[in-house]
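Colleague: Predicted structure and sequence below. I'll ask about it afterward.
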Amino acid sequence: MDIGALLQTFIYLVSSSLLYPVLLALSLLVLVVIVQAGGFFAEWLERARLKPCPSQNLPRLLQTGQAQGMISHRVNHYLKILTEIRDQPGNHGIAVENLLQSTTLELWKSMDRLRILVRTGPSLGLLGTLIPMGTGLASLGQGDMTKLSSDLVIAFTTTVVGMAVGTVAFCFYTLRRRWLEEDIKNMELATELLLNGPVEH
């Protein structure tokens, strides 16, 4: 028994069997990017409508509850919960700290899908290129030019789709990360104002 030929055949079969799962995964990634695009543009529209606020006035506006329309819905929701905790009797320092940490963690976790898209899009595109190239070369050895042409079309289109998914996801990730950092900064500021008392004028 030729072990080398058996292993080559096994690896070839494994590689060939991955083509359709890769095509399916790439199609799903495209759908996920479309969904992410909807959320991204909705958030972009919300932030475009926010009123500009000088940074020196933000602490006072946060403390007096006049910052609505100047901060995102995330920060407004956080402020609502923060106010509820503040109005409760007793020492609320630990509860406030836990709220800040859990909210921050949830915000960063919401970025995981975009991070996965940035990595997996190009990787699946490369897999979708190499797998049909192997079968295409086998077809070339047999003189089957029709099969070779079909495999080359799959190879190039999967590359384009994978790179497009990764590029779009990276743009969304970069901008949304900046927005998240701004929201977290405002949440930390609001928390500090609550723990340290009113702003001095």
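Modeller: Arrived safely. In this text, all values refer to a predicted model and were calculated from it rather than measured experimentally. Residues are numbered from 1 along each chain as shown.
Colleague: what packs against the longest helix seen in the chain?
Modeller: In the chain, with assignment by DSSP state H, the single longest helix is helix 145-196. Using 3 or more CB pairs under 8 Å, 6 or more residues apart in numbering; DSSP states H and E as the contact criterion, the elements in contact with helix 145-196 are helix 19-48, helix 58-64, helix 73-87, helix 93-109, helix 112-141. Where you see a C-beta, it was placed from the backbone N, CA and C, and this is true even at glycine.
Colleague: how far off helix 93-109 does that helix point, in degrees?
Modeller: For helix 145-196 and helix 93-109, the angle between their directions (axes from the mean of the first three to the mean of the last three CA atoms, to 10 degrees) works out to 160 degrees.
Colleague: from the middle of its chain, how far away would helix 145-196 be?
Modeller: Averaging C-alpha positions (CA atoms, centre = their mean, to the nearest Å) puts helix 145-196 5 Å from its chain's average.
Colleague: Next: stretch 127-146.
Modeller: How far stretch 127-146 lies from its chain's middle: 34 Å, per CA atoms, centre = their mean.
Colleague: For that stretch, give me every contacting residue.
Modeller: Outside of stretch 127-146, the residues within contact range by CB atoms under 8 Å, 6 or more residues apart in numbering are 12, 15-16, 18-19, 22-23, 26, 147-148, 151-152, 154-159, 161-162.
Colleague: how about 10 Å then?
Modeller: If you take CB atoms under 10 Å, 6 or more residues apart in numbering as the criterion, stretch 127-146 is touched by 11-12, 15-23, 25-26, 120, 147-162.
Colleague: List the buried residues in the lowest-mean-pLDDT helix or strand in the chain.
Modeller: Taking all helices and strands of the chain together, the one with the lowest average confidence (mean pLDDT, DSSP states H and E) is helix 58-64, at a mean of 80. Neighbour-count burial for helix 58-64, counted by 16 or more other CB atoms under 10 Å, picks out 58, 59, 61, 62, 63.
Colleague: now for that helix, which elements pack on it?
Modeller: The criterion is 3 or more CB pairs under 10 Å, 6 or more residues apart in numbering; DSSP states H and E, and the helices and strands that helix 58-64 contacts are helix 73-87, helix 145-196.
Colleague: now with 7 Å?
Modeller: helix 145-196 (3 or more CB pairs under 7 Å, 6 or more residues apart in numbering; DSSP states H and E).
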